[in-house]
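Colleague: I'd like to go over a predicted model; first the sequence, then the structure.
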Amino acid sequence: MAGLGEGVAMLATLTHVNPETPGQLAHLAVNDMNVSSPASVRNGDSLQIVVCAPLVFGFNETFHLKYGGHDDTVTVYTLNASETIHELVNRIVDVQERNAVMAGRDYDRLD
């Protein structure tokens, strides 16, 4: 965390896309301490999204960490029951490419 005035604090909020996803799959950590979201942060603070994938096949969820004008994103994927790691990687790349196109960004696919 940087760029705030001396003694200025702001809120950091962790959310997830799917409202049915259990909240315990991800949590916010400030300076290596687990905190509830939203959390107050200041210059010099370290922010982390701590994620634990569920024990289910074919799961994916996107988590957003928002603070100030920033929106950091992490997406968690698990294999489908009959999926190889190569197939999972291709599925992730397809999702990232689709999201980039929908957001109007260029996407360079590495094949």
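Modeller: Good, I have the coordinates.
Colleague: Pull the contacting residues for the residue nearest the centre of the chain.
Modeller: For the chain, the residue sitting closest to the mean C-alpha position, by Cα atoms, centre = their mean, is Val74 at 2.4 Å. Taking Cβ atoms under 8 Å, 6 or more residues apart in numbering as the criterion, Val74 is in contact with 26, 49, 51, 62-63, 65. Using the backbone N, CA and C atoms, a C-beta is placed for each residue, glycine as well.
Colleague: let's see it at 7 Å
Modeller: Contacts for Val74 (Cβ atoms under 7 Å, 6 or more residues apart in numbering) come out as 49, 51, 63.
Colleague: Looking at these, state which has the most neighbours.
Modeller: Phe63 (21 neighbours; other Cβ atoms under 10 Å).
Colleague: element containing that residue, please.
Modeller: Phe63 belongs to strand 60-67 when assigned by DSSP states H and E.
Colleague: List the contacts of that strand.
Modeller: Contacts for strand 60-67 (Cβ under 7 Å, 6+ apart): 10-18, 21, 25-26, 28, 41, 47, 49, 51, 71-77.
Colleague: Ranking helices and strands of this protein by mean pLDDT, which lands last?
Modeller: Every helix and strand of the chain was ranked by mean pLDDT, DSSP states H and E. The lowest is helix 85-102, at a mean of 70.
Colleague: ok so, going back, any quick ChimeraX command for the buried ones out of the contacts of strand 60-67?
Modeller: To isolate the buried members of these in ChimeraX, using 16 or more other Cβ atoms under 10 Å:
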select :12,14,16,21,25,26,28,41,47,49,76,77
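Colleague: Please flag which of the contacts of strand 60-67 sit within strands.
Modeller: Using DSSP state E, 10-16, 26, 28, 41, 47, 49, 51, 71-77 are the members of the contacts of strand 60-67 that sit in strands.
Colleague: wait, doesn't Val30 sit right on Val41?
Modeller: Yes - if you go by Cβ atoms under 7 Å, Val30 and Val41 touch, sitting 5.9 Å apart.
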